[in-house]
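Asker: Sequence first, predicted coordinates after that:
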Amino acid sequence: MKARNFHYIKPASLAHALRILANADGEAVPVAGGQSLLAGLNMRLSAPKLLVDIGDLDELRGQSRTADSVRLGALTRHADLLTSDLVAQDLPLLRTAAPHIGHLAIRNRGTLGGSLAYADPAAELPACAVALDASLVLGSLLGEREVRAEDFFKGLFETDLRPGELIVAVKFPIQPAGTRVAFAELSRRHGDFALVGLAVVASMQGDRLDKARPVYFGCADRAMFAPSVAAAITGLRPPFDDDSAFAPAIRQDLSPDDMPGLRADTRLHMATVLTGRVLNSLSERAAA
Ligand SMILES: Cc1cc2nc3c(=O)[nH]c(=O)nc-3n(C[C@H](O)[C@H](O)[C@H](O)COP(=O)(O)OP(=O)(O)OC[C@H]3O[C@@H](n4cnc5c(N)ncnc54)[C@H](O)[C@@H]3O)c2cc1C
């Protein structure tokens with residue numbers, strides 16, 4: 001199947017792009033890497049009249065650091081997360097997660113802003129953004145506003161983006177010294193979307209877990225912080241010999257649906273196994 005006919009425009013500046021989007025009466029959509037949008041157009045899941053190509057806008061690029069945060073432009077590609085020294089030093093969670101996103105060709109084109117705007121519940125970067133307590137910088141003709149990642153994801157492919165707004169950048173707070181991160185996912189094949197995934201950011205008090213932010217993906221309608229799991233593991237010392245410390249909390253926080261070929265109970269079991277692995281890898285990092 002092929003996409004319905006559409007018009008295409010490549011604005012020269014962010015201001016130009018925002019003007020086009022504001023004046024399009026809901027008939028225009030931005031395209032960045034095109035790795036999700038174009039597949040959807042070809043399957044005729046949507047049929048916008050105008051594609052606004054934001055993929056070359058300098059204002060959406062760049063990586064910078066202040067004392068408080070790292071700012072990554074919306075056009076940061078998934079592949080950039082694997083080569084950036086800044087990401088390696090200050091955002092190792094993103095570097096760990098990036099190889100799990102699709103395949104090389106997709107990582108070379110797909111962007112951070114596109115992944116967050118698309119809000120696939122099984123995507124890696126929304127979960128990392130929530131775990132790292134990132135804020136999204138959203139631009140429109142009215143100016144900029146910032147929204148915490150946890151508040152940005154509203155449901156299945158649903159976000160807080162308003163008509164005429166673009167994700168301009170994402171700000172990740174600098175984590176306190178000694179913060180540990182871990183990430184893992186279970187998928188049918190490497191590169192597939194996760195059936196169950198988990199990103200954790202945790203500070204340690206000595207060898208005990210403190211202030212953990214576990215965020216599951218692939219098993220709810222959005223990347224989801226798990227408050228009961230966080231409470232259950234606070235103060236505990238990994239490694240965990242069994243899942244008794246956190247398994248009941250997982251059942252409180254997650255209620256996945258059955259999906260074809262995978263029952264909800266199996267997904268909960270997978271989430272439990274994965275949680276043990278991820279938490280134990282935090283302790284290995286602490287020991288290292
Ligand atoms: C075969 C295949 C496998 C994949 N596997 C994975 C995977 O395992 N994990 C994963 O996370 N992703 C996966 N993806 C999706 C990929 O990561 C996409 O790159 C990503 O979801 C969207 O980024 P993009 O830049 O390509 O966005 P686009 O496709 O250009 O846009 C996606 C949506 O976001 C909007 N948008 C884009 N940029 C902005 C912005 N700055 N502000 C506001 N709205 C914006 C667009 O209007 C559109 O609605 C896969 C894709 C394919 C084709």
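Answerer: Thanks, I have the structure now.
Asker: distance of Q89 from H16?
Answerer: 35 Å (CB to CB, to the nearest Å). Heads up, the C-betas are built off the backbone N, CA and C, glycines and all.
Asker: More neighbours: which of those two?
Answerer: Between Q89 and H16, counted using other CB atoms under 10 Å, H16 has the larger neighbour count: 14 against 11.
Asker: does the more buried one sit in a helix or strand, and which one?
Answerer: helix 14-23 (DSSP states H and E).
Asker: I'd like to know which elements the helix or strand following that helix is packed against.
Answerer: From helix 14-23 onward toward the C-terminus, using DSSP H and E, the following helix or strand is strand 28-31. Packed against strand 28-31 by the contact rule (3 or more CB pairs under 8 Å, 6 or more residues apart in numbering; DSSP states H and E) you find helix 14-23, helix 37-42, strand 50-53.
Asker: Kindly indicate whether the residue lying closest to E284 once chain neighbours are set aside is helix, strand or coil.
Answerer: Closest residue to E284 apart from its sequence neighbours, by CB to CB, 6 or more residues apart in numbering: P239 at 7.9 Å. Classification of P239 using DSSP: H, G, I helix; E, B strand; the rest coil returns coil.
Asker: thought P239 was touching L282?
Answerer: No. Between P239 and L282 there is no contact under CB atoms under 8 Å: 9.1 Å.
Asker: And those two? Which one has more around it.
Answerer: For P239 versus L282, neighbours defined as other CB under 10 Å are more numerous around L282 (21 against 12).
Asker: and that one, what does it touch?
Answerer: R180, V181, A182, V200, A202, M204, L209, P238 (CB atoms under 8 Å, 6 or more residues apart in numbering).
Asker: from those, which is closest to A97?
Answerer: V181 (9.4 Å; CB to CB).
Asker: May I have the secondary structure class of the closest one?
Answerer: strand.
Asker: And it, how far from R95?
Answerer: 10 Å.
Asker: can you tell me the helix or strand for L198?
Answerer: strand 196-205.
Asker: is stretch 13-23 up against the ligand anywhere?
Answerer: No. Judged by CB under 6 Å from any ligand atom, stretch 13-23 makes no contact with the ligand; its nearest approach is 9.0 Å.
Asker: list the buried ones in that stretch?
Answerer: L14, A17, L18, I20, L21 (16 or more other CB atoms under 10 Å).
Asker: Now the third one: closest residue in space, sequence neighbours ignored.
Answerer: Once flanking residues are discounted, L18 sits nearest to L141: 5.3 Å by CB to CB, 6+ apart.
Asker: For that neighbour, give me its contacts.
Answerer: Contacts of L141 (CB under 8 Å, 6+ apart): L18, R19, A22, G164.
Asker: what's the distance between A79 and the ligand?
Answerer: 11 Å (CB to the nearest ligand atom, to the nearest Å).
Asker: Tell me the spacing between that residue and A117.
Answerer: Plainly put, A79 is 18 Å away from A117 if you go by CB to CB.
Asker: Looking at the two, which has the bigger crowd around it?
Answerer: A117 (24 against 18).
Asker: There's contact between that one and I167 in this structure, I believe.
Answerer: Yes. Counting by CB under 8 Å, A117 does reach I167; the two are 5.6 Å apart.
Asker: Helices of the stretch 1-150 of the chain, start to end?
Answerer: 14-23, 37-42, 80-83, 85-90, 92-97, 104-109, 112-118, 124-131, 149-152 (DSSP state H, counting those that start in this stretch).
Asker: Format those helices as a markdown table; extra columns: mean pLDDT.
Answerer: Shown next, in a markdown table, are the helices of the stretch 1-150 of the chain (pLDDT from 0 to 100):
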| stretch | mean pLDDT |
| --- | --- |
| helix 14-23 | 97 |
| helix 37-42 | 93 |
| helix 80-83 | 98 |
| helix 85-90 | 97 |
| helix 92-97 | 97 |
| helix 104-109 | 97 |
| helix 112-118 | 98 |
| helix 124-131 | 98 |
| helix 149-152 | 98 |
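Asker: gap between T76 and S84?
Answerer: Relative to S84, and taking CB to CB, T76 is found at 8 Å.
Asker: what residues are shared contacts of those two?
Answerer: Common contacts of T76 and S84, defined by CB under 8 Å, 6+ apart, comprise Q63.
Asker: So which of the two has more stuff around it?
Answerer: More neighbours surround T76 than the other of T76 and S84, with 24 against 19 (other CB under 10 Å).
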